[in-house]
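A.B. asks: build the 3D model from these lines:
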Amino acid sequence: MRCRITMPSDSMDDIELKNIQLQFPSARSLSRDDSSAQEEVVETDRGNVVVAVQGSRNKPAILTYHDLGLNCKYSTM
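C.D. replies: Presented below is the predicted three-dimensional model:
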């Protein structure tokens, strides 16, 4: 099966964003005392992985992973 993705033939119009306010994230705490996430160590065949769980465990999970050297506390997401 071959899949071909094409772009629309119409050219895209440039638009100007007016009255848009920049929003900057609030200051983040790099403290280990932050209780918004619970960290758990999960053992795998390839070694241990630290998992930060935040929110209700009764809901579907959103799994994110971070670049080397970053984690849930030091990421700029």
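A.B. asks: number of nearby residues for Gln21?
C.D. replies: 4 (other CB atoms under 10 Å). C-beta here means a position set from N, CA and C on the backbone, and glycine is covered the same way.
A.B. asks: contacting residues for it?
C.D. replies: The contact partners of Gln21, by CB atoms under 8 Å, 6 or more residues apart in numbering, come to none.
A.B. asks: so it: helix, strand or coil?
C.D. replies: coil (DSSP: H, G, I helix; E, B strand; the rest coil).
A.B. asks: quick one, phi/psi of it?
C.D. replies: Main-chain dihedrals, Gln21, degrees, to the nearest 10: phi -90, psi 130.
A.B. asks: check it and give its pLDDT.
C.D. replies: Looking at Gln21, its pLDDT reads 78.
A.B. asks: going forward, the N-terminal residue is numbered 702.
C.D. replies: From this message on, residue numbering opens at 702, which makes the last subject Gln722.
A.B. asks: okay, now the unreliable bits of this structure?
C.D. replies: Applying pLDDT under 70 to the chain picks out residues 702-713, 726-736, 767-778.
A.B. asks: can you do 80?
C.D. replies: Low-confidence segments of the chain, defined by pLDDT under 80: 702-738, 765-778.
A.B. asks: just the strands in it please.
C.D. replies: 739-745, 748-754 (DSSP state E).
A.B. asks: so which of the ones you listed is nearest Gln724?
C.D. replies: Smallest distance to Gln724 across the strands of the chain (CB to CB): 24.3 Å, for strand 748-754.
A.B. asks: in its sheet, which strands sit next to that closest one, and in what direction?
C.D. replies: As defined by DSSP bridges, the strand partners of strand 748-754 come to strand 739-745 (antiparallel).
A.B. asks: could you export the partner strand as PDB, CA atoms only?
C.D. replies: The C-alpha trace of strand 739-745 is given here as PDB (Å, rounded to 0.1, in the frame of the first residue of the first chain):
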ATOM      1  CA  GLN A 739       4.700  11.700  43.200                       C
ATOM      2  CA  GLU A 740       7.900  10.000  42.000                       C
ATOM      3  CA  GLU A 741       8.100   6.300  41.800                       C
ATOM      4  CA  VAL A 742      10.900   4.000  40.600                       C
ATOM      5  CA  VAL A 743       9.800   1.400  38.000                       C
ATOM      6  CA  GLU A 744      12.100  -1.500  37.400                       C
ATOM      7  CA  THR A 745      12.500  -2.600  33.800                       C
END
